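Peer 1: sequence? don't have it. structure:
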């Protein structure tokens, strides 16, 4: 495991060995919940890591866009890294499972398992897209929610664990890097809402991502967790 002061890892041959890096965000991160962030080139990068827009560039490709494009999908030619993240907290909230009346445990787990199956298929597709483009791959786990109600918090975290289990499995299989948001965003100030990070929470995550990119550029042949 790594914190921003230790080791290395990689997944595919890196094209990011110079000073400049182009990160493609694959999935849902920063699309809906963080739509207020200015995604104008330069301003987008500065919103996450002020003063570093000359060092890295960010592009966003949604999971829906990947599915629509199919085999015709073309990622930016100068892309060097892929950061894959599918946000699950909001999906769990919208599913109604947290508000449902207590029922048969098997039924609830079955519903969660089906949702996790679909999630895993999408995640695997995004990983394959990044592999085909020969990018250095970083995959984010889902951060824990921050509900004030203890019972709701326990239920949401238990549900999220099923999805994060699929994340760690696919990351290990792809020999990719894991950005563990559960360990990065773990303070009250990291949240704006129970299922949405604050600007400071996003910057904490971005700091770890930047550290991971530097480590991955150094090269290695195994998965590693960054936090």
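Peer 2: Perfect, I can see it now. This one's a predicted model, so the numbers in the text were calculated from it and none came from an experiment.
Peer 1: just name the shakiest helix or strand of the protein by mean pLDDT.
Peer 2: Of all helical and strand segments in the chain, the minimum by mean pLDDT, DSSP states H and E falls on helix 89-95, at a mean of 67.
Peer 1: tell me where the model's unsure across this structure.
Peer 2: Low-confidence segments of the chain (pLDDT under 70): 1-19, 29-33, 35, 90-91, 93-106, 218-221.
Peer 1: output the longest helix belonging to this protein.
Peer 2: What stands out as the longest helix in the chain, according to DSSP state H, is helix 105-132.
Peer 1: which helices and strands does that helix pack with?
Peer 2: Under the contact criterion of 3 or more C-beta pairs under 8 Å, 6 or more residues apart in numbering; DSSP states H and E, helix 105-132 touches strand 21-27, helix 63-69, strand 81-85, helix 89-95, strand 136-140, helix 150-174. Heads up, the C-betas are built off the backbone N, CA and C, glycines and all.
Peer 1: now with 10 Å, please.
Peer 2: If contacts are counted by 3 or more C-beta pairs under 10 Å, 6 or more residues apart in numbering; DSSP states H and E, helix 105-132 sits against strand 21-27, strand 56-62, helix 63-69, strand 81-85, helix 89-95, strand 136-140, helix 150-174.
Peer 1: with mean neighbour count and distance to residue 116 as added columns, please give those in a markdown table.
Peer 2: What follows is these, written out as a markdown table (neighbours: other C-beta atoms under 10 Å; distance: least, C-beta to C-beta, whole Å):
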| stretch | mean neighbour count | distance to residue 116 |
| --- | --- | --- |
| strand 21-27 | 23 | 15 |
| strand 56-62 | 19 | 20 |
| helix 63-69 | 14 | 15 |
| strand 81-85 | 27 | 16 |
| helix 89-95 | 18 | 10 |
| strand 136-140 | 26 | 15 |
| helix 150-174 | 17 | 5 |
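Peer 1: and those: which comes nearest residue 117?
Peer 2: Closest to residue 117 of these, according to C-beta to C-beta: helix 150-174, at 8.3 Å.
Peer 1: so which other helices or strands are in contact with the closest one?
Peer 2: strand 81-85, helix 89-95, helix 105-132, strand 136-140, strand 177-179, helix 181-184, strand 224-226.
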